[in-house]
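Q: fold the following for me, if possible:
(chains A and B)
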Amino acid sequence: MKIDPIHQFNIEPLFTIGHIGNHTIAFTNSSLYMLVAVAIISILMLASGTQLVPGRLQSVAEISYEFVASTIRSTAGAEGMKFFPLVFSLFMFLCVSNLVGVIPYTFTIASHLIVTVALALLVFFTVLIYGVAKNGLKFFKIFVPHGVPGYILPLVMFIEVLSFFLRPVSHSVRLFANMLAGHIALKVFAGFVAMLGFSLGAIGWVGGVLPLALTISLYALEILVAFLQAYVFAILTCIYLNDAIHPGH
Amino acid sequence: MAESHGEAKGPETGAHTEADGGHHSGAFPPFESSTFASQLVSLAIFFVVLYVIVSKLALPKVGGAIEARQNRIEGDLAEAQTLKDQSEAALKAYEGELASARSRAQAIGNESRDQANAQAEAERKTLEEQLAKKLAEAEKTIASTRATAMSNVRGIAADAAGTIVQQLTGVVPDAASVNAAVDASLKG
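A: This is a model prediction of the structure:
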């Protein structure tokens, strides 16, 4: 019995779409799960009806809408609603794909750094371009905090600039690492059950109850983490967008 | 490194089955740079599709439904308020009407009572007058009847006295003395 907790992250090309330069562009299992996430979100949001008294599906769609809208309003103000489609797409895409990824035998899109980096850079450049386009040079006031003594200002500015450019790193690695670590831990503990059973026989199967209980609790935690990391990603996006909208703060 | 790796991997991996897990040459899958291009392209495609669906269809639809509900609730509340105001106004009008009707009824009652009283008084007066008149007439009639009767009685008494005297004495008495005697005894 060989346990390979990494196998679940393999990218399997399903068919080739084409070539860009030297790269082969394939439709992979990751692409399939992106399609699944987009399909689930579309069905949820579009097939849910617009009744005065909402049904279950419509309630879920409206709660998602209100949840993201109130998150943006509370962190980036009413002006932040310009970015509602972006934040909503990010949150729903990550939330749905993470929750689908918790189901055994499925693939988790956000367990690949390249995906989370791409999304974090999308947010980073949105903030940078919108911030400069809207505020001009005033945008760079975010690097100059109020009430800092002059002699220490260069150091503070250096730290601020550094942290600004490190944002995409922390933004992406947080999501990636959480999804990756959670799935590995689940696989390892679930593997213990089988390993004990196959190597120690009856005693092993009885002893396997412990790692099984741990796997179940971890599974519950992973469901929470799947939602929470999508939420954290969305709320950090809102906070970063707030800098672009109100650079004076 | 990434390019050559990607070239080599592309056609090869398709043939692999689930069982031989370690076919990615031992590298940790999330850091396998040969898969980056495929992932980035699919992410770009699907995220743009999602963004378009969300911004053009999903959010306007769901937001519209929420707004429609909000408007409906506000409209209903406003309508309820108007209806309440209307019913309060109607109640006030009704109470005013009732009060005025009551006072009018009282006035009418008083008036009609006074009228009835006056009429009754007048009727009583005329009746009394009539009765008094009738009484006077009746008294007159009685008096005349009595006088007639008395005169008749005097005649009968005079006749009777004359006849009695004739029977007893065989003499026809003088009418004048008989009358005088009768008168005297009637007065007696």
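
Q: mind listing the helices for chain A?
A: Per DSSP state H, chain A carries helices over the ranges A:29-46, A:56-76, A:84-102, A:113-135, A:153-200, A:202-207, A:209-245.

Q: if I look at the residue of chain A most remote from its centre, how far off is A:D243?
A: Largest separation from the mean C-alpha position in chain A: A:A202, at 41.5 Å (Cα atoms, centre = their mean). As judged by Cβ to Cβ, to the nearest Å, A:A202 and A:D243 stand 61 Å apart. For the C-beta atoms, the positions are set from N, CA and C on the backbone; glycine is no exception.

Q: same question, A:I235
A: According to Cβ to Cβ, A:I235 stands 14 Å off from A:D243.

Q: neighbour count winner among the two?
A: Shown here are A:I235 and A:D243; by other Cβ atoms under 10 Å in any protein chain shown, A:D243 has more neighbours (21 against 18).

Q: not counting sequence-adjacent ones, nearest residue to the more buried one?
A: In space, and not counting its chain neighbours, A:D243 is closest to A:I142: 5.1 Å by Cβ to Cβ, 6 or more residues apart in numbering or on different chains.

Q: next one: A:G191
A: Closest to A:G191 by Cβ to Cβ, 6+ apart is A:I3, at 3.7 Å.

Q: can you tell me how far that neighbour is from A:P211?
A: Counting by Cβ to Cβ, the separation of A:I3 from A:P211 is 12 Å.

Q: compare these two and say which one has the larger neighbour count.
A: A:P211 (19 against 13).

Q: ok, now which ones touch the more buried one?
A: A:189-190, A:192-193, A:196 (Cβ atoms under 8 Å, 6 or more residues apart in numbering or on different chains).

Q: can I get the residues you listed in TSV with neighbour count and pLDDT?
A: What follows is those, written out as TSV (neighbours: other Cβ atoms under 10 Å in any protein chain shown; pLDDT from 0 to 100):
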residue	neighbour count	pLDDT
A:F189	20	90
A:A190	21	89
A:F192	18	88
A:V193	20	88
A:L196	20	86
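
Q: what's the closest of these to chain B?
A: Distance to chain B across the contacts of A:P211 (Cβ to the nearest Cβ) is lowest for A:A190, with 15.8 Å.

Q: contacting residues for that closest one?
A: Contacts for A:A190 (Cβ under 8 Å, 6+ apart) come out as A:211-212, A:215.

Q: how near is it to A:Q8?
A: 11 Å.

Q: now do B:A90
A: 73 Å.

Q: quick one: which of the two has more around it?
A: A:Q8 (20 against 10).

Q: give me the below-cutoff pLDDT ranges for chain A.
A: A:1-2, A:249 (pLDDT under 70).

Q: ok so, going back, could you verify my assumption that the residue nearest to A:G191 touches A:V188?
A: Yes - with contact defined as Cβ atoms under 8 Å, A:I3 reaches A:V188; the gap is 7.3 Å.

Q: can you get me a residue count around B:E121?
A: 10.

Q: wait, I meant A:Y240
A: Neighbours around A:Y240, by other Cβ under 10 Å: 22.

Q: so it versus A:K141, what's the distance?
A: For A:Y240 relative to A:K141 (Cβ to Cβ), the value is 15 Å.

Q: what of A:S31?
A: 42 Å.

Q: of these two, who's got more company?
A: A:S31 (25 against 14).

Q: so that one is in contact with B:F46, correct?
A: Yes - taking contacts as Cβ under 8 Å, A:S31 lies within contact range of B:F46: 7.3 Å.

Q: apart from its chain neighbours, what residue comes closest to B:V54?
A: That would be A:S89: by Cβ to Cβ, 6+ apart, it lies 4.8 Å from B:V54.

Q: that neighbour: what's it in contact with?
A: So A:S89 contacts B:47, B:50-51, B:54-55 (Cβ under 8 Å, 6+ apart).

Q: and if we set it to 6 Å?
A: B:50-51, B:54 (Cβ atoms under 6 Å, 6 or more residues apart in numbering or on different chains).

Q: same deal with A:F143?
A: Contacts of A:F143 (Cβ under 6 Å, 6+ apart): A:157, A:160-161.

Q: now, among those residues, which is nearest to B:A158?
A: The nearest member of these to B:A158, counting by Cβ to Cβ, is A:E160 at 163.8 Å.

Q: give me the angle between the helix or strand harbouring B:A136 and helix A:56-76.
A: For B:A136, the host element (DSSP states H and E) is helix B:59-169. Interaxial angle of helix B:59-169 relative to helix A:56-76 (axes from the mean of the first three to the mean of the last three Cα atoms, to 10 degrees): 110 degrees.

Q: pLDDT of helix B:59-169, averaged?
A: Average pLDDT, helix B:59-169: 91.

Q: does it come close to chain A?
A: Yes - applying Cβ under 6 Å from any Cβ of the partner chain, one finds helix B:59-169 touching chain A at B:59, B:62, B:65-66, B:69.

Q: so which of the residues you listed wins on neighbours?
A: Sorting these by how many neighbours each has (other Cβ under 10 Å) puts B:V62 first, at 25 neighbours.

Q: distance of A:I20 from chain B?
A: According to Cβ to the nearest Cβ, to the nearest Å, A:I20 stands 6 Å off from chain B.

Q: and that residue, bridged to which residues?
A: A:H23 (DSSP bridges).

Q: and it, how far from B:L40?
A: Taken as Cβ to Cβ, the span from A:I20 to B:L40 is 10 Å.
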